[in-house]
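Undergrad: Provide a 3D model corresponding to the input given below.
(one chain, ligands or ions: 2)
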Amino acid sequence: GLPTRVRIHEVGPRDGLQNEKAVVPTEVKAEFVRRLAAAGLGTVEATSFVHPKWVPQLADAEDLFPRVRDLPVRLPVLVPNERGLDRALALGARHIAVFASATESFAKANLNRTVDEALAMFEPVVTRAMEQGVSVRGYLSMCFGDPWEGAVPVEQVVRVTKALADMGCDELSLGDTIGVATPGHVAALLRGLNEAGVPASRLAVHFHDTYGQALSNTLAALRHGVTTVDASAGGLGGCPYAKSATGNLATEDLVWMLDGLGIETGVDLAALTATSGWMADQLGRPSPSRTVRALSHK
Ligand code: HMG
Ligand code: MG
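TA: Ligands and ions are numbered 1, 2, ... in the order given. The predicted structure is shown next:
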């Protein structure tokens, strides 16, 4: 069966913008977050407290976060280490996310660590966050395929997901970073995780639409009990390691499908589409989302 309600974890302001070359003004980012919240998204990932040289676009996190922190929605922020946690807590963040990799190649490229060194880096972050009542999401990248290593075995993903779960992460988000997953692979991973004691109720899925499979994969995940889905307004975002990659699953495409299935999200599709149209104007190019395009031409 399918769920009656899905929680959308909006990642546009973070995952969507992090690879944009031209730096978006802080006030535009803040307005983007406000508009997304006003469109009914209850979770809007706002920014990252990472090293500014690694992600220059989000180097304004200290300036941005106070502009949006009083909004009545959850505003998770990415935190790779204790330095990042200190920065986030100093500004009153109540929801953080650490981000691991299922593969050694991406752990090295994204965190300058081996998989296990990265897990060791997260451990004190998760412990300290939990002590403060701050919720922790654990992202896992390259859960299906990796640009250097090819197909990623289910057991390898299960091992790292379980490590994050055992560490105390409230929620684990399974990332198809380069968008190569197909529905059978999604089902196999969810079955493997369930057998290893990580139920779908603790999971979120994070699909990229490179090969046009993101919605099919989402539907497969919903049929296996997942009720939290990551998406990016207007389909913003790409992956620096897959040049041809389109962005994340567009939130509008997701809402169109869920609305059609009668699954509640609380999102106002017209307000959301208007927001992505506005953001596309700011970035100077049209949204890749089919739904945004279709609704904008009505
Ligand atoms: P490193 O170079 O190994 O860092 O980078 P280090 O620990 O050796 O520290 C070096 C210097 O950086 C020190 O300064 C630290 O204080 C400073 P120094 O003493 O030399 O003056 N530093 C920091 N400064 C500010 N904030 C911090 C911080 N940490 C250290 N938090 C590090 C390691 C993890 C920091 C780096 O690799 C990094 O920032 N990586 C972030 C990469 C990133 O944000 N990637 C995108 C997000 S993941 C993603 O998009 C995937 C996802 O969407 C899911 C999917 O689709 O798969 C989530
Ligand atoms: Mg992503």
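
Undergrad: Whichever residue of the stretch 151-298 of the chain sits closest to ligand 1: which element?
TA: Among the residues of the stretch 151-298 of the chain, G175 lies closest to ligand 1, at 2.8 Å counting by Cβ to the nearest ligand atom. Heads up, the C-betas are built off the backbone N, CA and C, glycines and all. Using DSSP states H and E, G175 maps to strand 171-176.

Undergrad: Near ligand 1, which residues of this structure? Just list them.
TA: 15, 18, 48-51, 54-55, 78, 80-81, 83-84, 99, 110-112, 139, 141, 175, 177, 206 (Cβ under 6 Å from any ligand atom).

Undergrad: V154: what's it in contact with?
TA: Going by Cβ atoms under 8 Å, 6 or more residues apart in numbering, V154 touches A188, L189, G192.

Undergrad: so where is the stretch 151-298 of the chain shaky, pLDDT-wise?
TA: Where the stretch 151-298 of the chain drops to pLDDT under 70, the residues are 239-245, 298.

Undergrad: let's see 80
TA: Along the stretch 151-298 of the chain, segments meeting pLDDT under 80 span 238-246, 297-298.

Undergrad: which residues in it form strands?
TA: For the stretch 151-298 of the chain, strands defined by DSSP state E, counting those that start in this stretch occupy the ranges 171-176, 203-207, 228-231.

Undergrad: from the chain's centre, how far out does the last one sit?
TA: Its chain's C-alpha centre and that of strand 228-231 lie 7 Å apart, by Cα atoms, centre = their mean, to the nearest Å.

Undergrad: what about the residue nearest to G225 when sequence neighbours are not counted, neighbour count?
TA: Residue nearest to G225 in three dimensions, not counting chain neighbours: A200, with 3.3 Å by Cβ to Cβ, 6 or more residues apart in numbering. Neighbour count for A200, taken as other Cβ atoms under 10 Å: 20.

Undergrad: do the same with the one 10 residues further on
TA: A total of 21 residues lie near T210 under the criterion other Cβ under 10 Å.

Undergrad: start to end distance for stretch 192-206?
TA: Length of stretch 192-206, first residue to last, Cα to Cα, to the nearest Å: 17 Å.

Undergrad: Show me what that stretch is in contact with.
TA: Residues outside stretch 192-206 that contact it (Cβ under 8 Å, 6+ apart) are 9, 11, 137, 139, 154-155, 157-158, 161-162, 165, 170-176, 186, 190, 217-218, 221, 224-230, 248.

Undergrad: Ok, stretch 77-92 next?
TA: The contact list for stretch 77-92 (Cβ under 8 Å, 6+ apart) reads 14, 45-51, 61-62, 65-66, 69, 93, 95-99, 111, 121-122, 124-125, 128-129, 132, 134, 139.

Undergrad: ok, now with 7 Å
TA: Contacts with stretch 77-92, where a contact means Cβ atoms under 7 Å, 6 or more residues apart in numbering, come from 14, 46-50, 62, 65-66, 69, 93, 96-99, 111, 121, 124-125, 128-129, 132.

Undergrad: cool, stretch 15-28 as well?
TA: 29, 45, 48, 55-58, 60, 63-64, 232-233, 236-238, 240, 247-248, 282-283.

Undergrad: how many other residues sit next to P3?
TA: For P3, the count of nearby residues is 17 (other Cβ under 10 Å).

Undergrad: surely it meets V229?
TA: No - in this structure, P3 is not within contact of V229 by Cβ atoms under 7 Å, at 10.1 Å.

Undergrad: Surely P66 is within a helix?
TA: Yes - counting by DSSP: H, G, I helix; E, B strand; the rest coil, P66 is found in a helix.

Undergrad: residues near it, how many?
TA: P66: 11 surrounding residues under other Cβ under 10 Å.

Undergrad: Now do the strand holding G175: which elements does it pack against?
TA: Counting contacts by 3 or more Cβ pairs under 7 Å, 6 or more residues apart in numbering; DSSP states H and E, strand 171-176 packs against strand 135-141, helix 154-167, strand 203-207.

Undergrad: Now find how far off-centre it is within its chain.
TA: With Cα atoms, centre = their mean as the basis, strand 171-176 stands 8 Å off its chain's centre.

Undergrad: same question, stretch 218-231
TA: Remark: stretch 218-231 is offset 13 Å from the chain centroid, using Cα atoms, centre = their mean.

Undergrad: again with stretch 176-192
TA: Mean-position distance between stretch 176-192 and its chain equals 16 Å (Cα atoms, centre = their mean).

Undergrad: got the buried residues for it?
TA: D176, T177, I178, G179, V180, A181, P183, H185, V186, L189, L190, G192 (16 or more other Cβ atoms under 10 Å).

Undergrad: Check stretch 104-116 too.
TA: For stretch 104-116, burial by neighbour count (16+ other Cβ under 10 Å) applies to E104, F106, A107, K108, A109, N110, L111, R113, V115.
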